[in-house]
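Asker: structure for the following, please:
(one chain, ligands or ions: 1)
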Amino acid sequence: MKELVLLVILVIFFQVKSLAQIEEKEVFRNEDVVFHQIDEHTWVGVGHVMYNESLYLVEGNDKAVLIDAGTKIADLDKIVASLTKKPIMLVATHVHPDHTGSAIDYFPEIFINQADTVMIPLMMPDYKGVVKYLKDGEILDLGKRKLEVVFTPGHTPGSVTFIDKDAGYGFSGDSFGSGTLLLALDFSTLVSTCQKIGAMMDKFGIISLYPGHYDGKNLETRKRVNDIIILSKDVLSGKVKGEKSQWGDLVVSAYGVNINYSEKAIK
Ligand SMILES: [Zn+2]
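Answerer: Residues are numbered from 1 along each chain as shown. Below is the predicted model of the structure:
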């Protein structure tokens, strides 16, 4: 039931269709998705069903990782195979229909955080492939390129961020909200998640996190992560009170960050 409510919220929230203004070179376009090249071996694909839902293709010497599969992208397997010749492993930042949409069916297996298994019956009920689990701290070795798996719960129980330390960036799905965070868990969990990723950003010089809804201008930054911590602590201490959002939950806004949450998230 909780998931159903969340799904309705998501659909209402992301009804706004938007077109991303991404400056990097465009390498593929059809009616479902536009891919731009971030750097020599990294691409971002953006759909336009649920507010620039974004997927990322990350290529190493031996294999490639596809992070998320958008909402509904026909022949996504063939599209990504036109960009990389390496075998592709599909992973998800979290189980929501704009990230694990129908295109996951083109892939025989998908890797998620086990904590998001609770979302599967509602969010990806028809998947016939094998669901496998990522581990927190695990390194995905792509051959001369590595992605570290970092569990970042808050938006969903099993949200995941993937960090490329050498490149100095990561891919965070909806963990930090792309500007507007829908918090399904509680604020204490969100603070822990932000402190965890913030410490990694400091330690490894991670400048930016590519979000799950990329419009070309809303990379997550260390400042964004810190602002979420400040705002969350203000809510927990009672210093800041949420206002009723348009769909009945609560919302707080400050520092360019919006957090949508329910009353029970204050703990
Ligand atoms: Zn989501």
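Asker: ok, and does stretch 45-57 reach over to the ion?
Answerer: No - judged by C-beta under 5 Å from the ion, stretch 45-57 stays clear of the ion, getting no closer than 8.8 Å. Any C-beta I mention is one placed from the backbone N, CA and C, and that applies to glycine too.
Asker: correction: stretch 169-182
Answerer: Yes - Stretch 169-182 reaches the ion (C-beta under 5 Å from the ion) through residue 174.
Asker: please compute how far that stretch lies from its chain's middle.
Answerer: 5 Å (C-alpha atoms, centre = their mean, to the nearest Å).
Asker: dump it to PDB, keeping only the CA atoms.
Answerer: Provided in PDB are the C-alpha atoms of stretch 169-182 (Å, rounded to 0.1, in the frame of the first residue of the first chain):
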ATOM      1  CA  TYR A 169      32.200  11.500 -10.400                       C
ATOM      2  CA  GLY A 170      29.400   9.100  -9.500                       C
ATOM      3  CA  PHE A 171      25.800   8.200 -10.400                       C
ATOM      4  CA  SER A 172      23.300   8.600  -7.600                       C
ATOM      5  CA  GLY A 173      19.900   7.900  -9.100                       C
ATOM      6  CA  ASP A 174      17.300   9.700  -7.000                       C
ATOM      7  CA  SER A 175      19.200   9.400  -3.700                       C
ATOM      8  CA  PHE A 176      19.800  13.100  -3.500                       C
ATOM      9  CA  GLY A 177      16.800  14.100  -5.400                       C
ATOM     10  CA  SER A 178      18.000  15.900  -8.600                       C
ATOM     11  CA  GLY A 179      16.800  19.100  -6.700                       C
ATOM     12  CA  THR A 180      13.600  17.600  -5.300                       C
ATOM     13  CA  LEU A 181      14.000  14.600  -3.000                       C
ATOM     14  CA  LEU A 182      11.100  12.300  -2.400                       C
END
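Asker: tell me, what residue is most central in this protein?
Answerer: The chain has residue 173 as the residue nearest its centroid, 0.8 Å off, counting by C-alpha atoms, centre = their mean.
Asker: which helices and strands does the longest helix anywhere in the chain pack with?
Answerer: Taking DSSP state H as the criterion, the chain has its longest helix at helix 187-204. Applying 3 or more C-beta pairs under 8 Å, 6 or more residues apart in numbering; DSSP states H and E, we find helix 187-204 packed against strand 146-151, strand 160-164, helix 222-237.
Asker: nice, that's everything, thank you.
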